[in-house]
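just to be clear, the model below is a prediction. Sequence and coordinates:
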Amino acid sequence: MHIDLTGRIALVTGASGGIGRGVASMLASSGAKVALNYLSSRAGAEEAVAAIRAAGGTAEAFQADVTKPEQIEEMVRAVEASFGSSIDLLVNNAGHLVQRLANEEMTEELYAKVMDVNLKSAVFVSKFVIPGMKAKGRGSIVNVTSIAAHNGGGPGASIYAASKAAVLTYTKGLAKELAASGITVNGVSPGFIGQTAFHDTFTPDAARKATVQGIPLGREGTPEDVAGAVLFLASELSSYLTGETIEINGGMFMR
């Protein structure tokens, strides 16, 4: 079955690479006009846009720090002006571990950075997108959380895990808040996803191999594995689903 998102406008935050790029590409291949947000990797975002266009899709890159509400508002207005309508689908993908650090060494600065990029970004990008969705009487928000929200994460990742748990709970609360407006809010919770800067930066090879050995499906996930779940949540197939989080981890964690 082909999912057709023709006429829909999507915004994917943190889309210059990894999961965000995979999500943006899949939404575009299904007909959506896609805005790819990036912070500093302009080259990565432009490369992703070029690949989408080469495949026949519609995409543009938009720079903004999604921990800064004033920049978020400007970005949302720019997306609306560029595509000629308000945003139908928001994927709050921007997030970062920032640094592995034991709690006894935690600084207020690092705490704020981790919470801001993972939770604050989702809250305030949603804030500026919701009015347009309400005006249309429909919309879909997908928040990207993590398996760390359930298991506490790896060494030195307690605050990251807590921020992702907050995203999971925020998803439920926002779903209740927006249901009467025809807007669904759901989450995806990736496990060990390869082809991302996250594990290239923070996971040593030995730990990576050991983790894969413990995955029942016997492999790392891919950005496309996550993108498929996002596509489902963006489509009419999930119209009666809200406040839920789909676990995408090859069987590492089962609820």
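Great, that's in hand.

and stretch 236-244, how far from the chain's centre?
Going by Cα atoms, centre = their mean, to the nearest Å, the spacing between the C-alpha centre of stretch 236-244 and its chain's C-alpha centre is 17 Å.

can you list contacts of it?
Residues from elsewhere that reach stretch 236-244 (Cβ atoms under 8 Å, 6 or more residues apart in numbering): 3, 140, 171-172, 175-176, 179, 184-187, 232-233. Glycine gets a C-beta too; all of them are placed from N, C-alpha and C.

mind checking which of the residues you listed are in helices?
Members of the contacts of stretch 236-244 lying in helices (criterion: DSSP state H): 171-172, 175-176, 232-233.

any idea which of those residues has the most stuff around it?
T171 (25 neighbours; other Cβ atoms under 10 Å).

so which residues of this protein form strands?
9-12, 33-38, 58-63, 89-92, 139-144, 183-190, 245-248 (DSSP state E).

now those as CSV including distance to V49 and mean neighbour count?
Formatted as CSV, the strands of the chain follow (distance: least, Cβ to Cβ, whole Å; neighbours: other Cβ atoms under 10 Å):
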stretch, distance to V49, mean neighbour count
strand 9-12, 11, 28
strand 33-38, 6, 28
strand 58-63, 5, 19
strand 89-92, 16, 28
strand 139-144, 20, 27
strand 183-190, 23, 26
strand 245-248, 25, 20
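
rebuild those strands as CSV, extending it with mean pLDDT and distance to P69.
Compiled in CSV, these are given as follows (pLDDT from 0 to 100; distance: least, Cβ to Cβ, whole Å):
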stretch, mean pLDDT, distance to P69
strand 9-12, 98, 15
strand 33-38, 98, 14
strand 58-63, 98, 15
strand 89-92, 98, 14
strand 139-144, 98, 17
strand 183-190, 98, 19
strand 245-248, 98, 25
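
compile those strands into TSV and extend it with columns for distance to V79.
What follows is these, written out as TSV (distance: least, Cβ to Cβ, whole Å):
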stretch	distance to V79
strand 9-12	6
strand 33-38	4
strand 58-63	6
strand 89-92	10
strand 139-144	14
strand 183-190	17
strand 245-248	26
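
so for D116, which of those strands sits nearest?
With respect to D116, and counting by Cβ to Cβ, the nearest of the strands of the chain is strand 89-92 at 13.0 Å.

quick revisit: so for G154, which of the strands of the chain sits nearest?
Closest approach to G154 among those is made by strand 183-190 (14.1 Å; Cβ to Cβ).

which outside residues touch the closest one?
19, 130, 133-134, 138-147, 149-150, 167-168, 171, 174-175, 178, 221, 225-226, 229-230, 233, 238-239, 241-249.

so in that sheet, which strands flank it, and in what orientation?
Here strand 183-190 has these sheet partners by DSSP bridges: strand 139-144 (parallel), strand 245-248 (parallel).

now render those strands as JSON lines, adding distance to A32.
Formatted as JSON lines, those follow (distance: least, Cβ to Cβ, whole Å):
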{"stretch": "strand 139-144", "distance to A32": "11"}
{"stretch": "strand 245-248", "distance to A32": "19"}
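
which one, of those, ends up nearest to S126?
Of the strands paired with strand 183-190, nearest to S126 by Cβ to Cβ is strand 139-144, at 5.9 Å.

show me what the closest one is in contact with.
By Cβ under 8 Å, 6+ apart, strand 139-144 touches 19, 87-93, 95, 122, 126, 129-130, 132-133, 167-168, 170-171, 174, 178, 181-190, 226, 230, 233-234, 238.
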